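Asker: For reference, the sequence and a predicted model appear below.
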Amino acid sequence: MFNNNNPLSLQRELSGVSKGLGRTDVSTVFHGTGASAGKHSINLPAMPMDAQISDDAMRVFRGYHIHEVGHILFTDDDEWREQCNQRMEMQDNSPDDDVFNGKEAISTMNAFEDVFVERKINEAYVGAKKNLESTVESVLAEELDVIKASPRNASELPYVVLQSARKRMGYSTPHLDEYLASVPDELMQIAEDYIDDAIAAQSTKDVGDLAMRLTEDMRARLKSNGYGDKEGEDGNEQGDGEGEESDDTTEDVNQDDDDDDQDDDDPCGGVGKEETTFNLQDLLDKPAEQVAREAAKVCESSDTPEFEMPYEVPDPYDMRERLDDHYSGRAADVLRNHLGNYEASRKGLGKAMRRRSGSLARVLMSQENEYWQGGQSHGRVDRKRMVGIVTGEENIFAQKISTQTQSTSVCVMMDTSGSMNFDKGRSALVALNEALRRSGVPYGILTWSSSDIQIVKSFRAHGNSEVVRGNVGGFGTWQGGTCPVEAILAGYRWFGEQSQAARRIMLFCSDAEFYASEYRRLTRINQMMDGHGYEAYGILIGGDGSRFRAAFPRGVVTTDFKKLADSLLGQLERLLVTGAYNAVA
């Protein structure tokens, strides 16, 4: 399921990229209709969980995400703010007829910073360039005609430097090449003085200093309405006059005015054409807009647009890490205290525990493979080798070989929200751990509340180890609100990463105090996962199970804590028998 092009796999993939680059604190969230980035999160638009995303759209999402991770990793926020303040002060102190304001100066710095972070992210992450290329291509494919129709004057220089630097860093797309071919020679000559320096920048301060150098250059050239006097030429020869008329014309470039007296064939005049203008910051914002448009297409193509991804699907963390952090490294002592809770619950299960565990184990191991292997020196006489009795051969026997295929695994998720009865929840968790460890099938245990998923037992850990028994005995140490949709998605995702078994059994335990909308979403999620080798069963720990049963159509176990082993394991066994038949069929 999580290898397909859908928001679930996209979120997991993008979160993995952030973590792979060393930023475990950066999360990818889905909310609203726009794309944005903060210091610790990157926001993509909300999309239906079961939607299919095209390969092109996936690359656009990846490219935007990687670019923003680059800013989080490599942009010096303090230096950036200082540089921005300098540019706004420059605007406050500039004359009224200045043709280049502080916001435009910040946009120039932004273009140079994009070069810096993309170079750094390409060096850090080998898969970055291909996805960044896709984002660049998608933007230029839509905006190139507008850019060409805009006045090609010095205000375009930062964009020329940005795209030229991308080309020099190895980006190769049809519309990038077309854009660079459309840049007037005079502009490209000026840009050449900045491209290599932009690629070589080592910090946000280097970026700011270089951008300020270009800002002053652009200001002078725009002031004179030409490309300048680099070789001692008179810049006004390429403009449309001098004095006040020249200044006014330059200002009109950014105001979508039309000047019928200007020669339209002159690329250096700086005069705007009807309803077109070059706006650097708008172009730098286009990737976020492109992400929003692609997400809107995904939503429009879905039959269930209301079935949106949760804001964030948390990653499970090791319960031991939480204990160490909370108890200042005394996790081992705390776990020993919790062992007493585990043993008390285990004794309370009574003699029925072993009998029910053995019966449940046989159901879980129902896909056992049995066959007779001949050529053995002892065992049952192999009828195929009867002639060997006469000839005196020793290897005339066959032995029965029983092997359990690793095709069944189990994930237990226990609710630890504030409404739960933790004594009952602990007893149920102990019963499940005791039964599953005796079965021999791979299994894991998670506890969950609001965006807080703890790994009580990994698939590799032994169910009878002190750590696992201590974790189970400490059930209820932390509690929170209820986010069942986020929790079960996190559980399915973790389960899929931990086990490749053909039959994966999810046991979702709760008192089921959920909202009606949560039940509906849980139902859809379980139906969606059912077709991918997962069987979801509900285990009701107290509470009213009417809606809970709707959310788990394969069946719900209702626990009776006066006879816990018989009620919990007995009902589960009956449900799994039916599930096993369906799995084999």
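Answerer: That came through, no problem.

Asker: And the lowest mean pLDDT element among the helices and strands of the protein?
Answerer: helix 244-252 (a mean of 36; mean pLDDT, DSSP states H and E).

Asker: Would you mind identifying the next helix or strand past that helix?
Answerer: Remark: after helix 244-252, the chain's next helix or strand is helix 280-301, criterion DSSP states H and E.

Asker: Let me know the average pLDDT across that next one.
Answerer: Average pLDDT, helix 280-301: 92.

Asker: List the buried residues for it?
Answerer: By neighbour count on 16 or more other C-beta atoms under 10 Å, the buried set for helix 280-301 is 280, 283-284, 286-288, 290-295, 298-299. Yep, even glycine has a C-beta here, placed from its N, CA and C like the rest.

Asker: State the three-state secondary structure for residue 463.
Answerer: When classified by DSSP: H, G, I helix; E, B strand; the rest coil, residue 463 comes out as coil.

Asker: from memory residue 525 sits against residue 487, does it?
Answerer: No. The pair residue 525 / residue 487 is not scored as a contact, 10.6 Å apart, by C-beta atoms under 8 Å.

Asker: neighbour-wise, which of those two wins?
Answerer: Neighbour count, other C-beta atoms under 10 Å: between residue 525 and residue 487, residue 487 has more, with 29 against 22.

Asker: isn't that one right up against residue 448?
Answerer: Yes. With contact defined as C-beta under 8 Å, residue 487 and residue 448 form a contacting pair (3.8 Å).

Asker: any shared contact partners between these two?
Answerer: residue 413 (C-beta atoms under 8 Å, 6 or more residues apart in numbering).

Asker: Pull the contacting residues for residue 125.
Answerer: Neighbours of residue 125 in contact, by C-beta under 8 Å, 6+ apart: 17, 20, 21, 66.

Asker: Just those: which are in helices?
Answerer: With DSSP state H as the criterion, helices contain 17, 20, 66 from among those.

Asker: Which residues are in contact with the first one?
Answerer: Same thing as residue 17. Residue 17 touches 62, 65, 66, 69, 125, 127, counting by C-beta under 8 Å, 6+ apart.

Asker: of those residues, buried ones?
Answerer: The buried subset of these (16+ other C-beta under 10 Å) comprises 62, 65, 66, 69, 125.

Asker: Reformat those as CSV; add distance to residue 492 and pLDDT.
Answerer: Below are these laid out as CSV (distance: C-beta to C-beta, whole Å; pLDDT from 0 to 100):
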residue, distance to residue 492, pLDDT
62, 22, 92
65, 22, 93
66, 26, 93
69, 25, 92
125, 27, 88
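
Asker: end-to-end on stretch 541-561?
Answerer: Start and end residues of stretch 541-561 are separated by 9 Å (C-alpha to C-alpha, to the nearest Å).

Asker: got the residue ranges for the strands in the stretch 1-150 of the chain?
Answerer: 27-30, 36-37, 41-44 (DSSP state E, counting those that start in this stretch).

Asker: which stretch among those strands comes nearest residue 182?
Answerer: Nearest of the strands of the stretch 1-150 of the chain to residue 182, taken as C-beta to C-beta: strand 36-37 at 30.1 Å.

Asker: Could you tell me which ranges of the stretch 301-450 of the chain sit under the pLDDT cut-off?
Answerer: 323-329, 331, 366-373, 375, 382-394, 396, 400-406 (pLDDT under 70).

Asker: low pLDDT regions in the stretch 1-150 of the chain?
Answerer: 1-4, 91-100.

Asker: Helices of that one, start to end?
Answerer: Remark: helices assigned in the stretch 1-150 of the chain by DSSP state H, counting those that start in this stretch are 7-20, 55-74, 77-92, 102-124, 128-149.

Asker: what's the answer for the stretch 351-500 of the chain, then?
Answerer: Under DSSP H, counting those that start in this stretch, the stretch 351-500 of the chain gives helices at 352-364, 387-391, 422-439, 466-473, 484-498.
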